[in-house]
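[1] Provided below for reference: sequence and predicted model.
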Amino acid sequence: MTAATVKVKAKSITLHNLGFPRIGNKRELKFAQESYWKGETNAEQLLATAAQLRRKNWQWQQGLDWVPVGDFSLYDQVLDTSFALGNLPKRVANLSGSELDNYFRVARGRSVNDSACQCVHAGEMTKWFDTNYHYIVPEVTADTTFSLNSERLLAQLAEAKAQGVNAKPVIIGPVTYLWLCKEKDASDRLTLLAQLLPVYQQLLAELAEAGADWVQLDEPVLVTELDANWQAAFAIAYQALANTVHKHPVKLLLATYFGTLADNLTLTVNLPVAGIHYDAVRGRAELPTLLAALPADKVLSLGVIDGRNIWKTDLTATLDYLQPLVADLGERLWLAPSCSLLHVPVDLANEEKLDGDILSWLAFARQKLAELLLLGKALNDGRDSVATALADNVKAVNSRRNSTRVHNPAVKAAVNSITAAQGKRVSGYTERAEKQAQHLQLPLYPTTTIGSFPQTKAIRQARLAFKKHSISLAEYQAKMKAEIEYSIREQEKLGLDVLVHGEAERNDMVEYFGEQLEGYAFSQFGWVQSYGSRCVKPPILFGDISRPQPMTVAWITFAQSLTDKPMKGMLTGPVTILNWSFVRDDQSRRQSCLQLALAVRQEVQDLEAAGVNVIQIDEAALREGLPLRKADWQHYLDWAVEAFRISANGVKDETQIHTHMCYSEFNDIIAAIADMDADVITIETSRSDMELLDVFEEFAYPNQIGPGVYDIHSPNTPTQAQIIKLMQKAAERIPAQRLWVNPDCGLKTRQWAEVIPALQNMVAAAKALRSA
Ligand code: GLN
Ligand code: ZN
């Protein structure tokens, strides 16, 4: 082989990234945003921090052939796109201030928090596909027009180029953008396509002019079920863009991720673009079909490193399946993470407290890019060139695979021997309800709350002091008990019927349980952006789940000892624990969920044995686990409901099981919700004026319901009359004998001074309804 061929070969695999977390290694963006909003810093300082973060992120991506530009955002990339396309809600059009002011107004209702804030109502926020990232929903109407504002993107491109970055601008593709829009009138957003495309064409022309070689267009909507009109929109849109890039040469990389292409596969591979990025982690099984259909002139970027999870990649196994593809595709093969790394924490190197085993199994964003470079080198220069690193990877992967901390035979055996009977109550609802009524002696329209009471400064300080070892466990417990007692006395004064202990001892409804379960680990800095400046630190479910000892019984029985009123024990359900964690990739979600279900079941049974007759199992996140394709919903719902039932149903008829969900758009999953067979379900409904209960006109929900009558997201106090009106509306759809009166959700974010009058009105309303 001549030196020249070696050199060509060494360049054969192109490595790139789709997006990098922008929050910063230590959440610098969050702190910069928040101090700007408070008026402590000015726009210049905020923008300077942003530029520093971008510089750092680009440095960390050195070694890649193409590095994303435009993925950085001061709040949200969908909102950035709306600004770039000139699609702003009319309500901010005539306000004074800078563009940045308007940007934050749409994002969060106001710019800087001053008295002249010119507040507007913030754009609606919703989940970005099946992630826990929330974007600002673009609004459109029949008369929406678009106009290009490319300044931000061009400036960042120039900034990157000045820093020697091999910049690849990243934008949301036109069809996905339109699909994410919400019509504020009776129009059909798809009719706006013809107007939208010229703006994208102009943008591509400008990017070409500015020297971009490749532009990445994100079209994740291709992994969802699209009807014929939306499929046609793709063909139209990309033909239009192809016409532009013909005149203004720049290559388009169409990026899909989060799933398979299925029905959209043929359409996708034949779009007139230079390359396609494909999520080979979630789409692995479909890859042969994709390869067979891929036209011979297209680049194929394979996302082989999981951008949605925190495990190390099995590099050897990945190389084994990539090697034949290299032979087939040659230089047309690119490699990348499966999706933007926005959904994983920044850097594992920050972690000081994770033990060596677990640390060795993990990879955060920076580590994932290192894996990518390794794969590239192994494929370009041979595995020998990275032998040591590959051997280390094998060691880590095997350590996790064989660890006794991951595998607990007793837990696996318990899951394997789950019987149908474990998912069933002794008797049907009607019979149980009678026994519970006898036992609990509750009035008509019983009142309760959803679990938490205000997390006061005193509670947070006590928790922090305990964490920092400046108070003892006994002191901490005494403080929490005092809080519990306080909340019980308040509830008694209010005259609520079923009391709660108030959750003072819990910082977070998943973390609290995760910390007490075997099989969970917690990072110190594993933050992931949820929206704007809000970050979450999902616990890491790494091993078979077991519960060494009761988790809540001492607190609940203490609370019960203080009162003669029934106390509602409060647990987080298995599906919610699962959906808010980083989960295992070595077994199915269902399997992990069933393990969690068995642990929660033990807790439920211990609570019952300790004399707790009402137990609530929160499934706040059940809906968010729904797969992206409707065709996959039923399978998910089947195992999710099964897991809930296993957790809940190991009790006597007399024990009343409640569940709670923080939403009520469950028209489309109502049958599954009914199937959970909880005796009582409490849901969020107050803001929708009970309209969301319309589903019950057609679907005869068999059990009891507490439709929320107090919007806990608002500082406003609902009046007695408002609550009565809401309950009367509810009673039109659900028999009064099966209605409960309660707030929409937990009260932890409110002040006692707000909660007391609201609950006074709620209890008074229930009394008035009873005597009506
Ligand atoms: N029991 C929890 C609470 O009251 C429920 C929270 C939730 O649904 N998100 O805080
Ligand atoms: Zn809730």
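    Perfect, thanks for sending it. These numbers come from a predicted model, not from an experiment. Ligands and ions are numbered 1, 2, ... in the order given.
[2] burial of Gln737, as a residue count?
    Neighbour count of Gln737, defined by other CB atoms under 10 Å: 11. All C-beta spots, glycine's among them, are computed from the backbone N, C-alpha and C.
[3] how close does it sit to ligand 2?
    To ligand 2, Gln737 is 24 Å away according to CB to the ion, to the nearest Å.
[4] Spatially nearest residue to that residue, not counting backbone neighbours?
    Nearest residue to Gln737, sequence neighbours excluded (CB to CB, 6 or more residues apart in numbering): Leu444, at 6.9 Å.
[5] again, but for His16
    Spatially, and ignoring its direct neighbours in sequence, His16 is nearest to Trp66 (3.7 Å; CB to CB, 6+ apart).
[6] I figured that neighbour was touching Leu18, is that so?
    No - with contact defined as CB atoms under 8 Å, Trp66 does not count as touching Leu18 (9.7 Å).
[7] Looking at these two, which has the bigger crowd around it?
    Set Trp66 next to Leu18 and count neighbours by other CB under 10 Å: Leu18 wins out with 26 against 23.
[8] hmm, stretch 593-608 in reach of ligand 1?
    No - judged by CB under 6 Å from any ligand atom, stretch 593-608 makes no contact with ligand 1; its nearest approach is 13.7 Å.
[9] List the contacts of that stretch.
    Identification of contacts with stretch 593-608 by CB atoms under 8 Å, 6 or more residues apart in numbering yields 411, 414-415, 418, 422, 513, 517, 519, 544-547, 550-553, 556, 569, 571-575, 577-578, 615, 617, 639-640, 642-644, 646-648, 650-652, 655, 657.
[10] ditto for stretch 265-273
    Under the criterion CB under 8 Å, 6+ apart, residues 217, 222, 231, 234-235, 238-239, 241-242, 251-254, 256, 261, 276, 286, 289-290, 293-295, 298 lie in contact with stretch 265-273.
[11] please redo it, this time with the cut-off set to 10 Å
    When contacts are defined by CB atoms under 10 Å, 6 or more residues apart in numbering, stretch 265-273 is touched by residues 173, 215, 217, 219, 222-223, 226, 231-232, 234-235, 237-243, 245-246, 251-254, 256, 261, 276, 278, 283, 286, 289-295, 298-300.
[12] Contact partners for Cys662?
    Going by CB under 10 Å, 6+ apart, Cys662 touches 450, 576, 618-624, 682-684, 708, 712, 744-746.
[13] intersection of neighbour lists for Trp66 and Leu18?
    With CB under 10 Å, 6+ apart as the test, Trp66 and Leu18 both reach 168, 170, 216, 253, 301, 336.
[14] Which helix or which strand is home to the third one?
    In this case it means Gln216. Taking DSSP states H and E as the definition, Gln216 sits inside strand 214-218.
[15] roughly how far out does that strand sit from the chain middle?
    Taking CA atoms, centre = their mean, to the nearest Å, the mean C-alpha location of strand 214-218 is offset from the chain mean by 24 Å.
[16] on that earlier part again, might one say that the residue nearest to Gln737 is in contact with Met727?
    No - counting by CB atoms under 10 Å, Leu444 does not reach Met727; the two are 11.0 Å apart.
[17] which of the contacts of stretch 265-273 are buried?
    Of the members of the contacts of stretch 265-273, the ones counted as buried by neighbours, 16 or more other CB atoms under 10 Å, are 173, 215, 217, 219, 222-223, 226, 231, 234, 237-238, 240-241, 245, 251-254, 256, 261, 276, 278, 283, 286, 289-291, 294, 298-300.
[18] For Arg623, give me its contacts.
    Contacts for Arg623 (CB under 10 Å, 6+ apart) come out as 127, 575, 579, 637, 640, 661-666, 668-669, 672-673.
[19] For the helix or strand harbouring Ala474, could you pull out the residues that count as buried?
    Using DSSP H and E, Ala474 falls within helix 473-494. Of the residues in helix 473-494, 476-477, 479-481, 483-488, 490-491, 494 count as buried by neighbour count, 16+ other CB under 10 Å.
[20] so how far is Asn703 from the residue sitting nearest the centre point of the chain?
    Among the residues of the chain, the one closest to the centroid is Asn132, at 1.5 Å (CA atoms, centre = their mean). From Asn132 across to Asn703, the span is 30 Å (CB to CB, to the nearest Å).
[21] ok, now Trp555?
    27 Å.
[22] do Val415 as well
    Here the criterion is CB to CB. By it, Val415 lies 27 Å from Asn703.
[23] Quick check: the residue of the chain nearest ligand 1.
    Gly746 (2.0 Å; CB to the nearest ligand atom).
[24] Provide the secondary structure category for that residue.
    coil (DSSP: H, G, I helix; E, B strand; the rest coil).
[25] Enumerate every residue touching it.
    449-455, 500, 502-503, 506, 509, 570, 618, 620, 660, 662, 712.
[26] what subset of those residues is also close to ligand 2?
    By CB under 5 Å from the ion, the members of those lying near ligand 2 are 620, 662.
[27] Among the contacts of Gly746, which lie within strands?
    570, 618, 660 (DSSP state E).
[28] Which residues are in contact with the first one?
    To tie it back to what came earlier, the one meant is Met570. Per CB under 10 Å, 6+ apart, neighbours of Met570: 450-452, 500-503, 506, 509, 552, 555-556, 559, 607, 612, 614-618, 658, 660, 746.
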